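# the following block contains a protein sequence and its predicted model.
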Amino acid sequence: MQLQGKPTIVALISAMIFAFGAAPANAADKPIETFRTGTADAGTAPAQSLKTTTSPLEGVALETLTEMSDYSDLPHGFDVEATIELAESEIGTSRPTGWSMPGECIMSAKRWIEAGDGAWVGSGNPVNNYEGATRLTIADAQPGDIVQYEHIEFPTSWVTGVHTVLITEVHDDGTFTIIESNNPGGSGLVSKDEAWVPAPPSGFQAVVWRF
């Protein structure tokens, strides 16, 4: 009995080790910040793409950080024209992509805001990046605002579907002109859409941030 039971126990232990170690060691170390349209699994496995970081907002309740502001008429604290001018000048150009690389959508948006002397000082995740900015709804959007696709259940996670764009015009028909980078994901391409409407993937929402 002991001779027959030993292989069974070894096999059981091996199976358990494999189950806990099957995922690549770096599965949670390399955050995903790509925007892919038409992907059926967008946002369905946020835990595999989570990047945990610290920031000056560490310890602040997430409910506070994600609360919409009533100050929809709050003026921008930077030169919106200078921001849009730089973004326009980059249309058709590409930059390297990857974590914190200049071709990523959020890094491009930050570069454009900083060109207008905007105080984009936050970092870390799709919420803490907007330290000091005012969180608004898409109905409040104005030129110079940033739209962030944010996972509803895991708002601080870098998951497939997270995307960032700059609004440059607001139209009477409910559409926007936007400038974005890295769409399609991995291209690092800066492009313009003159009839854009928010279309976040399932499980996401479009949040407006004003610096």
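On my side now, so go ahead.

# make it CA atoms for all contacts and neighbour counts henceforth
OK.

# make sure residue 110 is indeed in a strand.
No - under the criterion used here (DSSP: H, G, I helix; E, B strand; the rest coil), residue 110 is helix, not part of a strand.

# so which residues of this structure form strands?
Along the chain, the stretches classed as strands by DSSP state E are 134-136, 146-151, 163-170, 176-181, 190-196, 204-210.

# where does this protein dip in pLDDT?
1-66, 68-69 (pLDDT under 70).

# run the last query once more with 90
1-73 (pLDDT under 90).

# which residue ranges form the helices in it?
2-21, 62-65, 80-89, 105-115 (DSSP state H).

# picking up where we left off before, out of the strands of the chain, which comes closest to residue 126?
strand 146-151 (6.8 Å; Cα to Cα).

# which outside residues touch the closest one?
43, 109, 126, 138, 156-157, 159, 161-167, 200, 203-210 (Cα atoms under 8 Å, 6 or more residues apart in numbering).

# do that again at 6 Å, thanks
162-166, 203-209 (Cα atoms under 6 Å, 6 or more residues apart in numbering).

# just checking: what are the partner strands of it?
strand 163-170 (antiparallel), strand 204-210 (antiparallel) (DSSP bridges).

# okay, those strands in TSV with mean neighbour count and distance to residue 134 next?
Below are the strands paired with strand 146-151 laid out as TSV (neighbours: other Cα atoms under 10 Å; distance: least, Cα to Cα, whole Å):
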stretch	mean neighbour count	distance to residue 134
strand 163-170	24	15
strand 204-210	23	5
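
# follow-up on the earlier one: would JSON lines of the strands of the chain with distance to residue 117 be doable?
Formatted as JSON lines, the strands of the chain follow (distance: least, Cα to Cα, whole Å):
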{"stretch": "strand 134-136", "distance to residue 117": "16"}
{"stretch": "strand 146-151", "distance to residue 117": "15"}
{"stretch": "strand 163-170", "distance to residue 117": "15"}
{"stretch": "strand 176-181", "distance to residue 117": "18"}
{"stretch": "strand 190-196", "distance to residue 117": "21"}
{"stretch": "strand 204-210", "distance to residue 117": "13"}
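
# which among those strands is found nearest to residue 84?
strand 163-170 (6.4 Å).

# just the C-alphas of the closest one, formatted as PDB.
What follows is strand 163-170 as a C-alpha-only set of coordinates in PDB (Å, rounded to 0.1, in the frame of the first residue of the first chain):
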ATOM      1  CA  HIS A 163      -7.000  54.400 -23.100                       C
ATOM      2  CA  THR A 164      -6.400  58.200 -22.900                       C
ATOM      3  CA  VAL A 165      -7.300  60.900 -25.400                       C
ATOM      4  CA  LEU A 166      -7.200  64.700 -25.500                       C
ATOM      5  CA  ILE A 167     -10.300  66.600 -26.500                       C
ATOM      6  CA  THR A 168      -9.600  69.500 -28.900                       C
ATOM      7  CA  GLU A 169     -13.100  70.400 -30.000                       C
ATOM      8  CA  VAL A 170     -16.700  69.900 -28.700                       C
END
